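just the structure for this:
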Amino acid sequence: ATLGYGASTCSYSDWLNADLIVLFGSNTANNQPVTVKYLHYAKKNGAAIAIVNPYREPGLTKYWVPSIASSAVFGTAVADRWFAVHTGGDLAFLVGTLRALIEAGGVDEAFVRERTIGFDEARDRALAANWVELERDSGVSKEEMQSFARLLIERPNAVLVWSMGLTQHTHGVETIKALVNLGLARGLPGRPNRGLV
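Next up, the predicted model:
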């Protein structure tokens with residue numbers, strides 16, 4: 001409904017050269033441990049890993065990848081940034097981040113103009129969102145949402161990954177739509193080393 005495509009817009013090979021990988025509502029180390037190998041190599045190549053999750057998952061702080069000798073012995077530090085939203089606070093966090101992105105001039109206007117429809121409506125809704133309510137509903141401050149928006153701007157080759165922590169809420173569909181809007185605003189789909197998973 002949002003992308004006209006029913007699968008990931010990138011592959012693990014894109015992760016390896018991404019600037020930023022963001023995990024939303026996902027305990028990747030426990031649920032998809034093979035993925036941590038790709039995160040390990042992405043970090044070696046300079047990627048930052050950000051986590052948007054209510055709980056500071058121990059496996060996302062440090063994880064031991066058995067097939068990589070140095071990681072098996074010393075572990076791999078996974079998360080570089082944490083954004084500790086409330087349970088279910090992702091929707092407000094994503095709307096606030098889109099607002100901050102727009103206000104910072106971080107929208108890929110050419111991509112939006114050439115490859116999307118209806119973005120003006122999404123932009124208007126984001127700009128109309130109240131910061132006090134966004135902070136209350138997300139569980140993080142306006143400054144943290146602005147910081148996340150800056151991270152997306154500074155590291156344009158981003159991969160946004162979500163899991164059931166986002167989808168298993170009464171507003172799960174709206175949350176994923178908000179995440180896709182953020183990815184479209186940054187021009188992530190259809191480009192190398194970027195994407196939505």
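
from now on I want contacts and neighbour counts done on CA atoms only, so please keep to that.
Noted.

if we go by neighbour counts, what in the one helix or strand in the chain whose mean pLDDT sits lowest is buried?
Sorting the helices and strands of the chain by mean pLDDT, DSSP states H and E puts helix 28-31 at the bottom, at a mean of 87. Buried residues in helix 28-31, defined by neighbour count with 16 or more other CA atoms under 10 Å: T28, A29.

what helices or strands is the helix or strand that that helix is followed by leaning on?
Where DSSP states H and E defines the elements, the next helix or strand beyond helix 28-31 is helix 33-44. Applying 3 or more CA pairs under 8 Å, 6 or more residues apart in numbering; DSSP states H and E, one finds that helix 33-44 contacts helix 12-16, helix 28-31.

which parts of this structure are strands?
Taking DSSP state E as the test, the strands found in the chain are 20-24, 48-52, 62-63, 76-77, 81-83, 158-162, 195-196.

can you redo the ones you listed as JSON lines with distance to T97?
JSON lines is the format used below for these (distance: least, CA to CA, whole Å):
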{"stretch": "strand 20-24", "distance to T97": "13"}
{"stretch": "strand 48-52", "distance to T97": "12"}
{"stretch": "strand 62-63", "distance to T97": "27"}
{"stretch": "strand 76-77", "distance to T97": "26"}
{"stretch": "strand 81-83", "distance to T97": "12"}
{"stretch": "strand 158-162", "distance to T97": "13"}
{"stretch": "strand 195-196", "distance to T97": "16"}
